[in-house]
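# the amino acid sequence is not available; the structure is as follows:
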């Protein structure tokens, strides 16, 4: 959770700084960020497949096979990153203007992505490091790493966005470059930490033999998660495309609410990652009957922590909004959508734990099925509310409530039926 706090603060700082640059930059950073994340989720999905296998081998105490999973995962994702960098560099200027109605927003999005795409090399690598340390239940390093990355990002954000410390004043492009530099510092930290503190012999790093069967096995698990994540983020991008057509102010408001959402959901997202890893480790230790009680306990913890977050959000909404902007009219427009988001948080707190547990069982194909079913209703709903009926931004954010409610029900019913107990990976 502490590592997610530090990582989310990077996004909060970006949004807060760009809110002082202008509404166009504030809104464009949301769109550009989601385009980046849409590609990143492919790599992250693969790393989650790796994490599930690492967790299973860790539970089996078959430690020597873990290094091969990590190294082959790194090689696969490095190639993937080097493919996507030129694709986005070439296609963004011609494709993005077709989606956005505001020319100013389009120019800002392209400027951001022009620098941001180089981060794929580092963010993909970091996702594999994360999979390794979470898979072996050694997560303290994630906190240390995220603090380093956060400090680097804040320093270069302030310098490159506004032109301080002798750096060029780059505006939204500076925010993108600062993020790349921060991710590179994270990769360097992980690499040094691995060499200095991890027993490389124990985990098989010193005698790795390339086995295509390992990559194929990880891919067979992760392909559904890669598609699932891509569909989820692509639908999220469509949400913001619809919002952008309502105007630059609704887009800026939605970016602030999105940043709220990322901040508020940190505890539950962290517990979801815990559920994924512990489910995989528990099954690997031949204790499948303990999985559902375990997941229920984690979901209960998630719900309890989220209640505290909700109370803070309801009591101090304007104070939180001032993190991002000093414009009182923009703050006022943000309050109603924020309250709507808060209504969805109890469902998120439970849903993210149960859904992560579904993937932790190794049945990522079923998780994809749940995602597709839920996103179909979500997509129709946001089209109806935003594009067809043209209701307010607050109404648009009721889609979150629908999404997480459906996902929670489907995931719980699947876990309760117990057909996943005999699945081998």
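Perfect, I can see it now. Note that the structure is a prediction, hence the values are computed from the model and not measured.
# what about the stretch 151-300 of the chain, any weak spots by pLDDT?
By pLDDT under 70, the stretch 151-300 of the chain has no low-scoring segment.
# could you rerun that using 90?
The stretch 151-300 of the chain contains residues with pLDDT under 90 at 154, 172, 198-292.
# show me what stretch 152-164 is in contact with.
Residues from elsewhere that reach stretch 152-164 (Cβ atoms under 8 Å, 6 or more residues apart in numbering): 10, 13-14, 17-18, 21, 165-175, 177-179, 181-182, 185. Where you see a C-beta, it was placed from the backbone N, CA and C, and this is true even at glycine.
# so which of those residues sit within helices?
Secondary structure assignment (DSSP state H) places 10, 13-14, 17-18, 172-175, 177-179, 181-182, 185 from those within helices.
# for stretch 163-179, what is the distance to the chain centroid?
24 Å (Cα atoms, centre = their mean, to the nearest Å).
# how about stretch 139-147?
That offset, for stretch 139-147, works out to 16 Å (Cα atoms, centre = their mean).
# do the same with stretch 111-123
That offset, for stretch 111-123, works out to 16 Å (Cα atoms, centre = their mean).
# who's in contact with that stretch?
Everything outside stretch 111-123 that qualifies as a contact, by Cβ under 8 Å, 6+ apart, is 28-29, 32-33, 35-36, 39-40, 43, 78, 80-82, 84-85, 88-89, 92, 171-173, 175-177, 179-180, 183-184, 186-187.
# make it 6 Å
32, 36, 40, 81, 84-85, 88-89, 92, 172-173, 176-177, 179-180, 183-184, 187 (Cβ atoms under 6 Å, 6 or more residues apart in numbering).
# same deal with stretch 201-210?
63, 64, 66, 67, 68, 71, 200.
# quick one, longest helix in this protein?
Per DSSP H, the chain has its longest helix at helix 23-60.
# same for the next helix or strand after it, what does it pack against?
For helix 23-60, the succeeding helix or strand toward the C-terminus, using DSSP states H and E, is helix 66-95. Contact analysis of helix 66-95 by 3 or more Cβ pairs under 6 Å, 6 or more residues apart in numbering; DSSP states H and E lists helix 23-60, helix 103-116, helix 120-135, helix 212-244 as its packing neighbours.
# make JSON lines from those helices and add mean neighbour count to it.
Formatted as JSON lines, those follow (neighbours: other Cβ atoms under 10 Å):
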{"stretch": "helix 23-60", "mean neighbour count": "25"}
{"stretch": "helix 103-116", "mean neighbour count": "21"}
{"stretch": "helix 120-135", "mean neighbour count": "24"}
{"stretch": "helix 212-244", "mean neighbour count": "19"}
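# need those in a markdown table with distance to residue 311, can you?
As requested, the helices and strands packed on helix 66-95 are arranged in a markdown table below (distance: least, Cβ to Cβ, whole Å):
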| stretch | distance to residue 311 |
| --- | --- |
| helix 23-60 | 27 |
| helix 103-116 | 35 |
| helix 120-135 | 30 |
| helix 212-244 | 27 |
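# out of the ones you listed, which gets nearest to residue 317?
With Cβ to Cβ as the criterion, residue 317 lies closest to helix 23-60 of those, at 17.9 Å.
# next, the angle helix 120-135 makes with the closest one.
40 degrees (axes from the mean of the first three to the mean of the last three Cα atoms, to 10 degrees).
# filter the contacts of stretch 152-164 down to the buried ones.
The neighbour count (16 or more other Cβ atoms under 10 Å) marks 10, 13-14, 17-18, 21, 167, 170-175, 177-179, 181-182, 185 as buried among the contacts of stretch 152-164.
# give me phi/psi at residue 280?
Per-residue torsions, residue 280: phi -60, psi -40 (degrees, to the nearest 10).
# list the contacts of the nearest residue to it once chain neighbours are set aside.
With sequence-adjacent residues excluded and distances taken as Cβ to Cβ, 6 or more residues apart in numbering, residue 280 is closest to residue 55, at 3.4 Å. Residues in contact with residue 55 (Cβ under 6 Å, 6+ apart) are 135, 277, 280, 281.
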